[in-house]
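Q: I would like the atomic coordinates for the input below:
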Amino acid sequence: MNALFEGENGLWMRRAGLAVLVLLAVFLLVKVFADLKGLRYIGTGIPAMNTITVEGDGEAVAVPDIATFTFSVVETAKTVSEAQDSATKKMEAAVAYLKEQKIDDKDIKTVDYSVNPQYEWQNTVCPAMVGAYCPQGKSVLTGYQVRQTIEVKVRDTKQAGTLLSGVGDKGASELSGLSFSLDDKDKVADEARNEAIEKAKAKAEALADGLDVTLVRIVNFSDNSGGYYPPMAYDSYGRGGALMSEAKVAAPVPTPEGQNKYTSHVTITYEIR
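A: This next block holds a predicted model:
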């Protein structure tokens, strides 16, 4: 019996030892493979000593395909509910008009809603009493002002002037912030960046040829894009920003959209040898 037990125990030990050897062999094989693979990266952590740095500028222009503006309805009354009711009626009329003009719900957004008390300073008539204290006046609550501001995105830019006139006719008391932009800004910005990169690469190749050196690899890159310059709307007096205040417009507002210019400035550092 003991011999049988010892034989089985020895067989189990030999199998365990074989399994350990197999695992060890697999581990060593994986490590060797990883080390061999890593040989191609030897030296990548060493800072490049010999370098050249070049810069490039690029720009791209595009006709805006989105117009954005805001309008507000402002109403004042003795009570909050009266002011809200009056403002709501005008805002509903303005929003209904926008939807009639095929503006999607997703392009009509409330960006501000506020209710503020309104005060008036009233002077005090003091009696002619020597030495008596008399306050100069006091603030008296006269009512409440409700303001709701809506942002509208217009996907047909030629429609912007008509919509401005339309919401003004429906009771909007303030129109402002008309601007033109692109729905896909990244595409045009990429064009400007790619132009800047190509110019920088051309400079690097010309410089390497003149210095009789070889460009090895890029060791640093930075993109200092300057953004874009959107055209702004102007009123008849040439003023930008707020287009109208207390507006009641009968004719469509002229809104030339112009072009948006995107700029990019890149810096590339190459290792040379």
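Q: Please report how far the residue most central in space within the chain lies from Ala160.
A: Most central residue of the chain, judged by C-alpha distance to the mean C-alpha position with C-alpha atoms, centre = their mean, is Lys185 at 10.0 Å. Taking C-beta to C-beta, to the nearest Å as the measure, Lys185 falls 18 Å from Ala160. (Glycine included, C-beta is placed from N, CA and C.)
Q: Ok, Ser86 next?
A: When distance is defined by C-beta to C-beta, Ser86 is 27 Å away from Ala160.
Q: for Ala60, same thing?
A: Here the distance between Ala60 and Ala160 works out to 23 Å (C-beta to C-beta).
Q: Of these two, which one has the most company?
A: When Ala60 and Ala160 are compared on other C-beta atoms under 10 Å, the one with more neighbours turns out to be Ala160, at 24 against 19.
Q: Any idea how many residues pack against the residue nearest to the more buried one when sequence neighbours are not counted?
A: On the basis of C-beta to C-beta, 6 or more residues apart in numbering, the spatially nearest residue to Ala160 that is not a chain neighbour turns out to be Ala67, at 4.0 Å. Counted by other C-beta under 10 Å, the residues lying close to Ala67 total 24.
Q: What helix or strand is Ala67 located in?
A: Secondary structure assigned from DSSP states H and E places Ala67 in strand 66-77.
Q: ok, that strand: who's next to it in the sheet?
A: Each strand that pairs with strand 66-77, with its direction, by DSSP bridges: strand 137-154 (antiparallel), strand 174-181 (antiparallel).
Q: next SSE after that strand?
A: As the chain continues past strand 66-77, the following element, by DSSP H and E, is helix 80-100.
Q: mind listing what the following helix or strand past that next one pairs with, with the direction of each?
A: Sequence-wise, the next helix or strand beyond helix 80-100 is strand 108-123, with elements assigned using DSSP H and E. Pairing partners of strand 108-123, with direction, according to DSSP bridges: strand 137-154 (antiparallel).
Q: domain parsing for the protein?
A: Each structural domain of the chain that the record assigns through automatic domain parsing is listed here as a residue range: 51-62+186-227+266-272, 66-123+135-182+236-256.
Q: Now do the strand holding Ala67: distance to the chain's middle.
A: Centre-to-centre, strand 66-77 and its host chain are 22 Å apart (C-alpha atoms, centre = their mean, to the nearest Å).
Q: The closest residue to Ala62 other than its chain neighbours: how many residues sit nearby?
A: Sequence neighbours aside, Val188 is the residue nearest to Ala62 in space, at 4.8 Å (criterion: C-beta to C-beta, 6+ apart). Under the neighbour criterion other C-beta under 10 Å, Val188 is assigned a count of 18.
Q: go on, Asp186?
A: 10.
Q: tell me the pLDDT at it?
A: Taken from the predicted model, the pLDDT recorded for Asp186 is 87.
Q: Who are the contact partners of Lys138?
A: Residues counted as contacts of Lys138 (C-beta atoms under 8 Å, 6 or more residues apart in numbering) are 121-122, 124.
Q: Make a markdown table from those residues and add pLDDT, distance to Ala202 and neighbour count to it.
A: A markdown table is the format used below for the contacts of Lys138 (pLDDT from 0 to 100; distance: C-beta to C-beta, whole Å; neighbours: other C-beta atoms under 10 Å):
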| residue | pLDDT | distance to Ala202 | neighbour count |
| --- | --- | --- | --- |
| Trp121 | 90 | 69 | 9 |
| Gln122 | 88 | 75 | 11 |
| Thr124 | 77 | 79 | 9 |
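Q: on that earlier part again, quick one: the residue nearest to Ala62 from Glu271, how far?
A: For Val188, the distance to Glu271 equals 32 Å [C-beta to C-beta].
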